[in-house]
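> dropping a prediction and its sequence here:
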Amino acid sequence: MAKELKALFGSLLQKSDSITGHSKKSDKLRFNVEEPLKWKESFDNLLTSPNGLCLFRAFLVTEFSEENVAFYLACEDYKTTKPSKLASKAKKIYDEFIGSDAPREVNLDHETKAITKENMKQPSQSCFNVAQSKIYTLMEKDCYPRFLKSSTYLELTRKTKTG
């Protein structure tokens, strides 16, 4: 997955036809000409745009921090989980992103990890809210500004402006 996202991120600039809205059927991403400009308005605009989210994930892969958005999205999905599946899904998310041997450990302070671990005793749809909020803020304050300054994003918006 990471390799595919890196390749996608690198090749997007070569697809100027798809960027300006004149995409061929074979292109994977189709951009409305104004879409990339909206991503700069707010972090939420970026996360709620399928194309924006895809590009942001690809950018995070190049920054070796894709686990942050993966955790955020896992938490969003978790909130819609049926009550009967909460415990097993919570354990999976905890083991993958928060536990001491987590393969995709996110950067959380000790207190947030402790709160989340305590919440795991009685998993509810809100048991990851504190941790998710911390990771959202980290991405919004750190990764998102770097994404907006990245050469790929700047080139993408330049192409949309010049059509």
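Arrived safely.
> which ones are touching the spatially most central residue of the chain?
With distances taken as Cα atoms, centre = their mean, the residue of the chain nearest its centroid is residue 69 (3.1 Å). Residue 69 makes contact with 47, 53, 56-57, 60, 139, according to Cβ atoms under 8 Å, 6 or more residues apart in numbering. Yep, even glycine has a C-beta here, placed from its N, CA and C like the rest.
> please identify the helix or strand for it.
Here residue 69, judged by DSSP states H and E, is contained in helix 66-78.
> and residue 118, by the same measure?
Using DSSP H and E, residue 118 falls in helix 110-119.
> tell me the buried residues in the next helix or strand after that helix?
Following helix 110-119 in sequence order, the next helix or strand is helix 129-138 (DSSP H and E). By 16 or more other Cβ atoms under 10 Å, the buried positions in helix 129-138 come out as 131-132, 134-136, 138.
> where does the protein have low pLDDT?
Where the chain drops to pLDDT under 70, the residues are 1-31, 161-163.
> at 90 what do you get?
Scanning the chain with the threshold set as pLDDT under 90 gives 1-35, 152, 155-163.
> which of the contacts of residue 69 count as buried?
Here, 16+ other Cβ under 10 Å leaves 47, 56-57, 60, 139 buried among those.
> quick one: distance of stretch 70-86 to the chain centre.
With Cα atoms, centre = their mean, to the nearest Å as the basis, stretch 70-86 stands 15 Å off its chain's centre.
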